[in-house]
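J.: Sequence and predicted model, in that order:
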Amino acid sequence: MGNADLRELATIREIPFEELEGSVVAVDAHNWLYRYLTTTVKWTAEGAYTTADGVEVANLLGIVQGLPKFFEHDIVPVMVFDGAVTDLKADEVADRRAKRERAAERQAAAAERGDAVEAARLEARTQRLTDTIQETTRELLRLLDVPVVEAPAEGEAQCAHMAASGSVDYAGSEDYDTLLFGAPYTLRGLTSKGNPEVMDLEATLADLGLDRQGLVDVALLCGTDFNEGIHGVGPKTALTEIREHGDLWGVLEARNTKIPNAEAIRQLFFDPPVTDDVTFDTEIEPNVAAARAYVVDEWGVDADEVARGFERIEEAQVQTGLDRWT
């Protein structure tokens, strides 16, 4: 879910990185990249990631800072990119665009009055995955030998499908949609310091006394990326009412209300557009020299800003190679 309502209901535990060594994770690439993108813009001088002709490529800096964590713990990230926007999500996309536009107006005003801190905070909210960011992200991942999968539609749905089908060990996302899409295990906190968390679908259903359909119905009542939910209904109320009335339709009848497109949204979580046509090599061999040249020489990112990230990638590859021989 786009909001954090399900956190109150999901069964989540911290998992040490040691338990994840050797794992393959299907990462919701847009979700992962956006968090690094906004953090970079908020805390890094604009000149460090802006080309001479004014093109911003903060994504390159974010990738170099974010990938070492995977390599250092012998985790293979498979970056899964969104495909076509689902019709049911059109309103959510429009709402996000409107919020970015409002933030851009406020950012310009803050910059004009000389409030650099507020301007940086608001600029982070205006970030979007431009065509340049999309293209340069894929090229840098290619140079670093990170597998990429292009989803037919929702990236988190593809991640969940890959985890459920066993082609990867975990889905990786900061949102909760992967739980609704059926991922057995989802890693969260892959962009944070410390150990990540693992969200367990089977344990969640057992702890709540629901089947997956019941969990999806709870989410629909609270609101998802595809619907607004019922005003005033939070996760605990939704859970109570699903238990009392049996399913979504029973709750809606008792409340004498409706959720537009409810059946279509419900079905989307159980049968989303996904593909099984995915192949990738889990033996990653980054070309760090080529990647550094691409980021620094071709796109003008400040060499000092990415130096440590590339060093960590090199060190991780040396250590992984040694481990294979011990």
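T.: Arrived safely, thanks for sending.

J.: Was I right to think Arg7 contacts Glu174?
T.: No. Assessed by CB atoms under 8 Å, Arg7 is found out of contact with Glu174, at 10.8 Å. (Each C-beta comes from the backbone N, C-alpha and C, glycine too.)

J.: Between the two, which has more neighbouring residues?
T.: With neighbours defined as other CB atoms under 10 Å, Arg7 and Glu174 compare such that Glu174 has more, 19 against 14.

J.: What helix or strand is Gly309 located in?
T.: Using DSSP states H and E, Gly309 sits in helix 303-324.

J.: mind checking how far that helix is from the chain centre?
T.: 24 Å (CA atoms, centre = their mean, to the nearest Å).

J.: again, but for stretch 79-86
T.: On the basis of CA atoms, centre = their mean, stretch 79-86 sits 11 Å off its chain's mean C-alpha point.

J.: quick one: average pLDDT of that stretch?
T.: Averaging pLDDT along stretch 79-86 yields 85.

J.: Return the set of buried residues in that stretch.
T.: The neighbour-count check on stretch 79-86 (16 or more other CB atoms under 10 Å) flags Met79, Val80, Phe81, Asp82, Gly83, Thr86 as buried.

J.: Same check on stretch 196-212?
T.: For stretch 196-212, burial by neighbour count (16+ other CB under 10 Å) applies to Pro196, Glu197, Val198, Met199, Asp200, Leu201, Ala203, Thr204, Leu205, Leu208, Leu210, Arg212.

J.: next one: stretch 50-64
T.: Neighbour-count burial for stretch 50-64 [16+ other CB under 10 Å]: Thr50, Glu56, Val57, Ala58, Asn59, Leu60, Leu61, Gly62, Ile63, Val64.

J.: how about those in a markdown table, adding pLDDT, distance to Tyr34 and secondary structure?
T.: Formatted as a markdown table, these follow (pLDDT from 0 to 100; distance: CB to CB, whole Å; DSSP: H, G, I helix; E, B strand; the rest coil):
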| residue | pLDDT | distance to Tyr34 | secondary structure |
| --- | --- | --- | --- |
| Thr50 | 90 | 19 | strand |
| Glu56 | 90 | 14 | strand |
| Val57 | 93 | 14 | coil |
| Ala58 | 92 | 11 | helix |
| Asn59 | 94 | 9 | helix |
| Leu60 | 96 | 14 | helix |
| Leu61 | 94 | 14 | helix |
| Gly62 | 93 | 9 | helix |
| Ile63 | 95 | 12 | helix |
| Val64 | 96 | 16 | helix |
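
J.: roughly how far out does the helix or strand harbouring Val216 sit from the chain middle?
T.: Element membership for Val216 (DSSP H and E) is helix 212-222. Computed by CA atoms, centre = their mean, the separation of helix 212-222 from the middle of its chain amounts to 21 Å.

J.: now stretch 148-163
T.: Relative to its chain's centre, stretch 148-163 lies at 11 Å (CA atoms, centre = their mean).

J.: Endpoint to endpoint, that stretch covers what distance?
T.: With CA to CA, to the nearest Å applied, stretch 148-163 spans 15 Å between its terminal residues.

J.: pLDDT on it, on average?
T.: Here the average pLDDT along stretch 148-163 is 96.

J.: Next: stretch 132-142.
T.: Model confidence over stretch 132-142, given as mean pLDDT, is 96.

J.: And the buried residues of stretch 50-64, which is closest to Arg188?
T.: Gly62 (18.0 Å; CB to CB).

J.: Contact partners for the closest one?
T.: Gly62 is in contact with Leu33, Tyr36, Leu37, Thr39, Thr40, counting by CB atoms under 8 Å, 6 or more residues apart in numbering.

J.: swap the cut-off to 6 Å and go again
T.: Tyr36, Leu37, Thr40 (CB atoms under 6 Å, 6 or more residues apart in numbering).
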